[in-house]
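Trainee: coordinates only, sequence not included:
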């Protein structure tokens, strides 16, 4: 089955993309604020107990995020004046209201990220998906005071109908298709794909590849430097995907701080949100004929 959601578009064939004030790279932090159910297997640091209910080892590792890691990470974002693009499970609203308040105080961008990160999007029956998405979006809007404009599925999951259903709810972009360094239009009226990253992602780097803090700093620097060079031919997007239970560990904090300091002080970088990236692209780039 060939996908029909988007067309092939080699980046070398596009008109140059221009960011505000001549910036070459639009940078945003995709901050995953998630809730995990205690009765279902989820993202784990140790596979040996992941099938158990309850699973204190892995559940506790994840639960460190909203209890401690988030508040440590928050200091780094504040220090470097970075507004987060929050990938928010709607269950967070009830379980961690203090986090919602902290984000509201900082005028963060809020993206819908499913109900929780233990139920993936394909788990939702087709006839129930519209109601599910409506509940998620409405819950986030009520709690944050802003209707989400973007979506990322739990573990980047979608059904074939998800983008169309999201457009019907007033959303305008998704992050799930991590196949580009620039935004592009989907073949769903009014919907964009905005770059996200499973490579520049703390779970993949620290948990999957077991890299060190200094490795993380080097990777962030190398990513930005190469995108900055590439952007001679047109602006690029750099997304840094963070999870408080991973990057928020005490021994990793200084490396996050070093990485953000490099980005924040790099010439030609627009420190922004995924909302503003999508808005700018939609306003300034003509649809392909």
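Mentor: All right, it came through fine. Quick caveat, the model's predicted, so the values are computed rather than measured. Numbers count the residues shown, from 1 in each chain.

Trainee: so the residue nearest the centre of the chain is in which element?
Mentor: By Cα atoms, centre = their mean, the chain has its centre lying nearest to residue 30, at 3.5 Å. In the assignment (DSSP states H and E), residue 30 maps to strand 25-33.

Trainee: right, and the helix or strand after that strand?
Mentor: Counting by DSSP H and E, what follows strand 25-33 is helix 56-64.

Trainee: Which pLDDT value does the model give residue 288?
Mentor: Note for residue 288: predicted pLDDT of 73.

Trainee: quick one: contacts for it?
Mentor: 7, 9, 185 (Cβ atoms under 8 Å, 6 or more residues apart in numbering). To be clear about C-beta, it is placed using only N, CA and C from the backbone, and glycine gets the same treatment.

Trainee: who's in contact with the last one?
Mentor: Neighbouring residues of residue 185 by Cβ under 8 Å, 6+ apart: 6, 191-193, 287-288.

Trainee: swap in the first one?
Mentor: Residue 7 is in contact with 187, 288, counting by Cβ under 8 Å, 6+ apart.

Trainee: Shouldn't it be within a strand?
Mentor: No. Under DSSP: H, G, I helix; E, B strand; the rest coil, residue 7 falls outside any strand and is assigned coil.

Trainee: distance of it from residue 228?
Mentor: Note on residue 7: its distance to residue 228, by Cβ to Cβ, to the nearest Å, is 27 Å.

Trainee: Closest to residue 36 out of the contacts of residue 288?
Mentor: Checking those against residue 36 by Cβ to Cβ gives residue 185 as the nearest, at 33.7 Å.

Trainee: Bridged to the closest one, which residues?
Mentor: residue 192 (DSSP bridges).

Trainee: I'd like to know how many residues surround residue 239.
Mentor: Residue 239 has 25 neighbours, counted by other Cβ atoms under 10 Å.
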